[in-house]
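>>> here is the input, now give the coordinates:
(one chain, ligands or ions: 1)
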Amino acid sequence: MLNFTVGPVQSSSAVLKIGVEQVPYFRTPEFSAVMLENEKLMLEFSKAPEGARVAFMTGSGTAGMEAVVMNMLTSQDKVLVVNGGSFGQRFVEMLQLHQIPHTEIRLEYGKALRAEHLVSYENCGYTAFLVNVHETSTGVRYDIDMIADFCKRNHLFLAVDAISSFLADEFDMAGLGADVMITGSQKALACPPGVSIIVMSPAAIDRVNSTPVKCMYLDLKSALKNGERGQTPYTPAVGTLRQINCRLREIKARGGVAAETARISAIADDFRRKIVGLPFEICSESMSNAVTPLHPSTASANDIFVILKDEYGIWVCPNGGELKDSVFRVGHIGALTPEDNTTLVNAFLELQKRGII
Ligand SMILES: *Cc1c(COP(=O)(O)O)cnc(C)c1O
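All right, here's what the predicted structure looks like:
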């Protein structure tokens, strides 16, 4: 299988090797050391501010999103949330479920967030801003500098779902003044799914400590408390956390976060160059390095996904809902090379010869 989806993605051979090992017992100094190193490297790679902390939650990325909503926002807040696709919609539904007052900034699929979208919300008493910096469902990366400036001006608490963007695009948490960055194990971290990572600024930690939470499993107070000694309140995805440790060390050894982002960016650029001339239209106003969303002008996007999977053993990422037939996505995260891009492009050329696209 050659996997160009947006997660789970292909892991490095070192990460795969850990996957076949027995999963160790974890209430040990050895596992605590692994977790403390995971926290240290996550703080470094997200460029977190002084005094920040990290929680490793067992659960997919959505668990991290919901933990942030439940532990840091209350009915006293007035939240602005960007909704430009299914992940923005997910934040909106969480705010509804947890009865947190909010206003949606709705965007057409594929469209960027612009300054004029924010103008009417200046000085309106908002307290917090939620955004998926890369709305993976449509492949739109929002202008996080513009959002951060807006939040600074208006004194808003800024929580960023960077689940598919972390490592793929530059992200400077301290520089932006962001309070929260969320990511997950199965996107550019290229590990199995099952762990969500939440980086918290001191202001975010203050919010956690002062917010009563009606949920044991997603209570970040106990995650933070246990994390002080490199532990978690309950049995975590021990194997995946060991793989995350391997991957973070691998990134560090290869030049750190900047080198990894440059590598992913080069894979994305290489792909975008190689598809020039194919009957596809890039349907995002502003892309992340993580993914290229494509609108085939002559065929069903879902048919292309199925034929590539069944006949070529190549997985691109289908879209659901109303974009099912009009858009498919090609991911650039995980262990992929320019040669892999060529393999995919050759398959596209063959589909063209066969009259399928
Ligand atoms: C993948 C992803 C998530 C998390 O989805 P899960 O299936 O819960 O891991 C959340 N937000 C964005 C932007 C994502 O790309």
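>>> skipping adjacent residues, who's closest to the residue of the stretch 1-150 of the chain found nearest the ligand in space?
At 2.6 Å from the ligand, residue 61 is the closest residue in the stretch 1-150 of the chain, using C-beta to the nearest ligand atom. C-beta coordinates here come from the backbone N, C-alpha and C atoms, glycine included. Spatial nearest neighbour of residue 61, chain neighbours left out: residue 184 (3.5 Å); criterion: C-beta to C-beta, 6 or more residues apart in numbering.
>>> could you report the neighbour count for that neighbour?
28 (other C-beta atoms under 10 Å).
>>> residues contacting it?
Residues in contact with residue 184 (C-beta atoms under 8 Å, 6 or more residues apart in numbering) are 7, 60, 61, 64, 163, 193, 195, 196, 197.
>>> among those, who's most crowded?
For the contacts of residue 184, neighbours tallied by other C-beta under 10 Å; top is residue 163, 30 neighbours.
>>> quick check: which element contains it?
Under the criterion DSSP states H and E, no helix or strand holds residue 163.
>>> quick check: it touching residue 185?
No. Residue 163 sits out of contact with residue 185 when judged by C-beta atoms under 8 Å, with a separation of 9.8 Å.
>>> ok so, going back, who touches the residue of the stretch 1-150 of the chain closest to the ligand in this structure?
161, 163, 182, 183, 184, 186, 187, 196.
>>> what about 7 Å?
For residue 61, the contact set (C-beta atoms under 7 Å, 6 or more residues apart in numbering) comprises 163, 182, 184, 196.
>>> pLDDT for these - can I get that in JSON lines?
Formatted as JSON lines, the contacts of residue 61 follow (pLDDT from 0 to 100):
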{"residue": "163", "pLDDT": "98"}
{"residue": "182", "pLDDT": "99"}
{"residue": "184", "pLDDT": "98"}
{"residue": "196", "pLDDT": "98"}
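>>> which one of those residues sits closest to the ligand?
Looking across these and measuring by C-beta to the nearest ligand atom, the closest to the ligand is residue 163, at 3.8 Å.
>>> and this structure, which residues reach the ligand?
Within the chain, the positions near the ligand by C-beta under 6 Å from any ligand atom are 7, 60-62, 87, 132, 134, 136, 161, 163-164, 184, 187.
>>> repeat that for 5 Å
When proximity is defined as C-beta under 5 Å from any ligand atom, the chain approaches the ligand at 60, 61, 62, 87, 132, 136, 161, 163, 164, 184.
>>> adding secondary structure, write those out as a markdown table.
Shown next, in a markdown table, are the residues of the chain next to the ligand (DSSP: H, G, I helix; E, B strand; the rest coil):
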| residue | secondary structure |
| --- | --- |
| 60 | coil |
| 61 | helix |
| 62 | helix |
| 87 | helix |
| 132 | strand |
| 136 | coil |
| 161 | strand |
| 163 | coil |
| 164 | coil |
| 184 | strand |
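>>> determine which two of these are furthest apart.
Largest separation among those by C-beta to C-beta: 60 and 132, giving 14.3 Å.
>>> show me where the stretch 101-250 of the chain has its helices.
For the stretch 101-250 of the chain, the helices defined by DSSP state H, counting those that start in this stretch cover 115-119, 144-154, 173-176, 202-210, 220-227, 238-253.
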